[in-house]
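A.B. asks: Mind looking at a prediction? Sequence and model below.
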Amino acid sequence: MSTTTNQNSIVKVIGASSLGTLIEWYDFYIFGSLATIIGRQLFPSDSGASALINTLAIFAAGFIVRPFGALVFGRLGDLIGRKHTFLLTLVLMGGSTFLIGLIPSYDSIGYAAPVLVLILRLIQGLALGGEYGGAATYVAEHAPANKRGFFTSWIQTTATLGLFLSLGVIVLTKNTLGNEAFASWGWRIPFLISILLVVVSIYIRMKMHESPQFTKLKSEGKVSKNPLKDSFSKKGNFKMVLLALFGATMGQGVIWYTGQFYAQSFLENTCKLDFNDSRYVLIIAIAFATPFFVVFGSWSDKVGRKWIMLTGMLLGIIFYRPIYQNFLDSTNYVEFQKTELKSASTPVVKRELVKNSKDSLITITIAKTLNDGATFNEVKTVKVFADNSKAPEETVALLDKKLSDGTFWKFVGLVFFQILLVTMVYGPIAAFLVELFPTKIRYTSMSLPYHIGNGVFGGLVPFIATLVVSFPGSTPLSGLWYPIGIAALSFIIGAIYLSNKRDENVED
Amino acid sequence: MKTIKKLLGLVWMLLAPTSVIFMFQQAIEKTGLAAEGVAKTNTALQWGIILFIFIPISVGLTIFGYYSLKGEYDALPTKSEDI
């Protein structure tokens, strides 16, 4: 193959592309992981306008604009080349992440704080929308046909590793500084660190050469003059964009975000696991599962991409509900403490006045330990009204649950299995998308379905699943119907419409 | 398989508008149920975002169904010149 490069330079290509993409994912996910703290520091707490800005910035902005980023930077990538475009996305992402870490709090600059966050979050989303397609295309266009899945699978590890890195930096910073300092100013550190990572990555990427296939196309004068028009106004290509979205990336997106984001959110918010335990489970599971991106990417070079991806979706459809039911059953300490309670601490009682009211709040906290070593805090809250005619309101919650060793490793196993499904759907998908579209409009054409599938369908899993759970009559597992339904639809479309044949020649 | 693809094309064409109608119903119902003030603003905004995102995607599903019905996916292209 004339345009493929030797092994040594391919390693450099993969390394430089993957490092930059990993940093972009890191930048994107620290915002999500620190959303609660950012909300407290940079947003006002009690006005309608704050609700509007907060919702836009935290829930949606980063995800909604990803497809637009795909269009803007995809077009640029097909016009001026892959290298310079994803260099630009890296600068935008790194710069905006660093600046989020510098924004003064709402108490200092008022509404300018949330508005600046919103603007920077939009830039993050746009940059990420442009980055991934460029990196995947760049690597694939350097790879030999029989190893395209293997080489691009390294790019596929970066999203999970970016999440891993963000969780690791956050947990490390929080445990080093302590809760108070972290909530006050320490949360800025993960954002500020980003600039160092970006500078290193820019330096490496500056030394890279343009993709050989794009260079060839350019020298022959065959570069698309209008990639957006060529991608979406020509029926032949547009129908493939739709097929990629509905038959692959849509299902892949919900499997990705359920296995990694919703799992952690469910353990922390529904099962009420301790902050560290919920993150340690995910961190360990990711560490064990990440190599499988390369395993499945490589395997797809031999057996085709389609059925590996669809099997991942099918297993998710079948096993999500039993897995999450197990999470709930294993953390049902209300029942366990009836028969398995080993010890309980002396109650700690705290009394305070309710803000702007004469009512008072009494909080009674008891630290309890079960026979298997699991611990938790039983927090009883009693609201006593100044008006004596009203009866006190009492609520009991079991919080900060720490798992026993056995349950902890069972949870690691269950999350590992979910991330294994992620590796099945995600490992081969870059090669699959690259092979679906011609070189001259590849960046644009593959980026859009990827970011609608992964960013919109997938990125909104925690938001929509939580929303569904809040509906009257729903159960804690009701939110799973969203990813299960989307994965089932994608599985059917993929199984019937997609081809399992690999495209040997992506130079055309 | 070609017949199945064509029949499913009809299913996708019906599924897309049905899902949009369902989402509109949910948006109206849930926003109506929300408490006045910040909660209502937030609920309306959240459903607005959902509709803003998923209506164009539903249009895409309708077009996908139409192409399927017309036999566009009976044989997938094997070379870029075929696209």
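C.D. replies: All right, it came through fine.
A.B. asks: Would you mind pulling the contact partners of the helix or strand hosting A:Ser194?
C.D. replies: Secondary-structure assignment from DSSP states H and E places A:Ser194 in helix A:188-206. By C-beta atoms under 8 Å, 6 or more residues apart in numbering or on different chains, the residues outside helix A:188-206 that reach it are A:15-17, A:19-20, A:23, A:26-27, A:30, A:34, A:83, A:86-87, A:90-91, A:93-95, A:97-98, A:100-102, A:166, A:169-170, A:173. Where you see a C-beta, it was placed from the backbone N, CA and C, and this is true even at glycine.
A.B. asks: Contact residues of chain B facing chain A?
C.D. replies: Residues of chain B lying close to chain A (C-beta under 8 Å from any C-beta of the partner chain) are B:1, B:4-5, B:8, B:12, B:30, B:33, B:37-38, B:41-42, B:45-46, B:49-50, B:52-53, B:57, B:60-61, B:63-64, B:67-68, B:72-73, B:76-83.
A.B. asks: Which PyMOL command selects the buried ones in the contacts of helix A:188-206?
C.D. replies: Selection of buried members from the contacts of helix A:188-206 for PyMOL, criterion 16 or more other C-beta atoms under 10 Å in any protein chain shown:
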select buried, chain A and resi 16+17+19+20+23+26+27+30+34+83+86+87+90+91+93+94+95+97+98+100+101+166+169+170+173
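A.B. asks: show me where pLDDT drops low in the chain?
C.D. replies: This is for chain A. A:1-8, A:45-60, A:502-508 (pLDDT under 70).
A.B. asks: that's the wrong chain, I meant chain B
C.D. replies: B:79-83.
A.B. asks: just the strands in it please.
C.D. replies: With DSSP state E, there are no strands along chain B.
A.B. asks: Please enumerate the helices of chain B.
C.D. replies: B:2-33, B:38-69 (DSSP state H).
A.B. asks: helices and strands around the first one, which ones?
C.D. replies: I take that to be helix B:2-33. helix A:481-497, helix B:38-69 (3 or more C-beta pairs under 8 Å, 6 or more residues apart in numbering or on different chains; DSSP states H and E).
A.B. asks: isn't A:Ile237 right up against A:Arg442?
C.D. replies: Actually, residue A:237 is Asn rather than Ile. No: if you go by C-beta atoms under 8 Å, A:Asn237 and A:Arg442 don't touch, sitting 10.4 Å apart.
A.B. asks: When those two are compared, which one has more neighbours?
C.D. replies: Per other C-beta atoms under 10 Å in any protein chain shown, whichever of A:Asn237 and A:Arg442 has more neighbours is A:Arg442, with 31 against 21.
A.B. asks: Wait, the more buried one touches A:Leu448, no?
C.D. replies: No: using C-beta under 8 Å, A:Arg442 makes no contact with A:Leu448, being 11.5 Å away.
A.B. asks: returning to what we had before: determine which stretch of the helices of chain B is the most buried.
C.D. replies: Each of those was scored by mean neighbour count; the highest is helix B:38-69, a mean of 18, by mean count of other C-beta atoms under 10 Å in any protein chain shown.
A.B. asks: Which other helices and strands does it contact?
C.D. replies: So helix B:38-69, by 3+ C-beta pairs under 8 Å, 6+ apart, packs with helix A:48-54, helix A:62-80, helix A:235-244, helix A:461-469, helix B:2-33.
A.B. asks: CSV for the helices and strands packed on helix B:2-33, including distance to A:Phe327?
C.D. replies: As requested, those are exported to CSV (distance: least, C-beta to C-beta, whole Å):
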stretch, distance to A:Phe327
helix A:481-497, 15
helix B:38-69, 25
